[in-house]
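J.: sequence and predicted structure, then a few things I'm wondering about:
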Amino acid sequence: MTVPASASAPTEPASRLHDRAQTAEVIVSLTRLALGAGDLAAGVTPTLEQLVRETAAVGSAYFQTGGGTLNYHVRAATGEMPSTEGMAAVAAHGLPAQTPLLRALEGTHGPLFFDDTARDPRTAGFPELGVASLAAAPVRRGDGHLLGAFLMHTFEPHVWQPGEAALFSLISGTIASLAGRLAAEEQASEAREAALRALGLALEARDGETQGHTDRVTALALRFAAAQGWSEEDQQALKWGAYLHDIGKIAIPDAVLLKPGRFTPEEWLTMRSHVQAGVAFAGALTFLPPGALAVIADHHERWDGSGYPAGKAGEAISPGGRLFALCDVYDALTSSRPYKAAWPHGEAVAELRAQAGRQFDPAYVEAFIAVLAGGTLGTLGTAR
């Protein structure tokens, strides 16, 4: 039986259905961006930008605790921020955990809206920052503890409209869990990096390397890679490989590793085996990317094929191995060692040029020298 139109069930207005469809589409898009983000700031910034576009807010920010302090620091922000001295201090040092707003967020699971910050004790301090109205949503760790907060603000008192409140609640609620996941991944990555650096420093101490070699050569390699336009992902792989480039020396007996004189042929074979040992050790760390393993495997290969362990030549050597080898040798030349004095910069550069096309990629040599001089000669490709 056909139901007359007048007897059909009530339906939502077309405009409301359209608004809901648009909001759902926005949330799906923001979620996709957050899931594909390489870091936390990239994951939450599109959300902040959406809030500023779709509400009366003139600015929005994401605050997160960490960094060894109890303060909540700005991790991402967009739009206009107050130009007060207080806001400059917040940007530099963060919001103390005892700020009334943060304490209020600890006790709520949903967002809070303040039409006039001067009228609510929970927003004490914000009028002095130049924030007149505020919306805040909590971001929690897996165990429920407050990790951070999404904030959006205006410079004049503003009554947050139902549509604005609904959008902020939906977006912040959806992205909050992803922000927590990104933060956990970031903290895990930082912990791994600290452990890898500690391994490099421990090996440096055992090997009798000049103090600071690991940090210096890593910083130099990253400076070179950045000048060449390498991605953040490739630079991280390079950094981790740099920390562990000689980790295989843990398998070399002290009688060989610390021998002050020349090696016998047998001892030299033992010393060279540190590369394979390093690759095996690093390969057991399943989180290391291929680029990091390539640095460990290739940094003793030579452009002319006379290096070790595989005798690779030319572009068969990974970009990370070629780049890092230059940095490693330059630091060794310009550092004092028990068996030699430090070379002056000019002499070290002359040696690098003399080895262009033999030990080193000739194009990398000139690009590296340009970086040392404070300039660049254009990019030579990525680490891929």
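T.: Everything's here; your move. Note that the structure is predicted; figures quoted are calculated from it, not measured.
J.: only C-alpha atoms for contact and neighbour calcs from this point on.
T.: OK.
J.: now Ser60. Nearest residue, chain neighbours left out?
T.: Once flanking residues are discounted, Ser60 sits nearest to Met152: 4.1 Å by CA to CA, 6 or more residues apart in numbering.
J.: same question for Pro96.
T.: Spatial nearest neighbour of Pro96, excluding adjacent residues (CA to CA, 6+ apart): Asn71 at 4.4 Å.
J.: can you list the domains in this protein?
T.: Recorded structural domains for the chain (assignment: automatic domain parsing) are 15-185, 208-372.
J.: out of those, nearest to Glu193?
T.: The closest of the domains of the chain to Glu193 is domain 208-372. By CA to CA, the value is 6.9 Å.
J.: distance between the closest one and the chain's centre?
T.: Distance of domain 208-372 from its chain centroid, counting by CA atoms, centre = their mean, to the nearest Å, is 23 Å.
J.: what average pLDDT does it get?
T.: Mean pLDDT, computed over domain 208-372, is 91.
J.: equivalent analysis for stretch 54-65, please.
T.: 92.
J.: now stretch 157-175
T.: Stretch 157-175 comes out at a mean pLDDT of 84.
J.: now name the helix or strand holding Gln64.
T.: Using DSSP states H and E, Gln64 sits within strand 59-66.
J.: helices and strands around that strand, which ones?
T.: helix 40-54, strand 69-79, strand 146-154 (3 or more CA pairs under 8 Å, 6 or more residues apart in numbering; DSSP states H and E).
J.: next, work out how far apart Asp120 and Glu301 are.
T.: 67 Å (CA to CA, to the nearest Å).
J.: ok, the two, which is more surrounded?
T.: Neighbours of Asp120 and Glu301, each counted by other CA atoms under 10 Å, are more numerous for Glu301; the result is 25 against 11.
J.: touching stretch 87-99 from outside, list them.
T.: 70-74, 81, 103, 124, 129-130 (CA atoms under 8 Å, 6 or more residues apart in numbering).
J.: ok so, going back, can you list the strands that the strand holding Gln64 pairs with?
T.: Sheet pairing of strand 59-66 (DSSP bridges) gives strand 69-79 (antiparallel), strand 146-154 (antiparallel).
J.: coming back round to it: output the contacts of stretch 87-99 in CSV; the columns should cover distance to Ala237.
T.: Below are the contacts of stretch 87-99 laid out as CSV (distance: CA to CA, whole Å):
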residue, distance to Ala237
Leu70, 30
Asn71, 30
Tyr72, 29
His73, 27
Val74, 26
Met81, 35
Arg103, 39
Ala124, 45
Leu129, 41
Gly130, 42
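J.: could you dump those residues into JSON lines and include pLDDT?
T.: Output for the contacts of stretch 87-99, formatted as JSON lines (pLDDT from 0 to 100):
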{"residue": "Leu70", "pLDDT": "80"}
{"residue": "Asn71", "pLDDT": "91"}
{"residue": "Tyr72", "pLDDT": "92"}
{"residue": "His73", "pLDDT": "90"}
{"residue": "Val74", "pLDDT": "90"}
{"residue": "Met81", "pLDDT": "95"}
{"residue": "Arg103", "pLDDT": "94"}
{"residue": "Ala124", "pLDDT": "96"}
{"residue": "Leu129", "pLDDT": "96"}
{"residue": "Gly130", "pLDDT": "96"}
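J.: returning to that earlier point: of the helices and strands packed on strand 59-66, flag the one that's most buried.
T.: The highest mean neighbour count among the helices and strands packed on strand 59-66, using mean count of other CA atoms under 10 Å, belongs to strand 146-154: a mean of 25.
J.: and it, how far from the chain's centre?
T.: For strand 146-154, the distance to the chain centre is 22 Å (CA atoms, centre = their mean).
J.: next secondary structure element downstream of the one helix or strand Pro127 maps to?
T.: Pro127 belongs to helix 126-129 when elements are defined using DSSP H and E. Counting by DSSP H and E, the next helix or strand C-terminal to helix 126-129 is strand 133-140.
J.: can you tell me how far Val159 sits from Ala57?
T.: 11 Å.
J.: list the contacts of Arg322.
T.: Arg322 neighbours (CA under 8 Å, 6+ apart): 298-299, 301, 360-361, 364.
J.: residue contacts, the residue nearest to Ser60?
T.: Listed by CA under 8 Å, 6+ apart, the contact set of Met152 reads 51-52, 57-61, 134-136.
J.: what's the answer for Arg358, then?
T.: 302-304 are the contacts of Arg358 under CA under 8 Å, 6+ apart.
J.: which single one of the contacts of Met152 is nearest to Glu233?
T.: Closest to Glu233, out of all of these and judged by CA to CA, is Ala61, at 24.9 Å.
J.: ok, that closest one - how many residues close by?
T.: Applying other CA under 10 Å, we find 24 residues neighbouring Ala61.
J.: test my guess that it contacts Phe150.
T.: Yes - judged on CA atoms under 8 Å, Ala61 makes contact with Phe150 at a distance of 6.0 Å.
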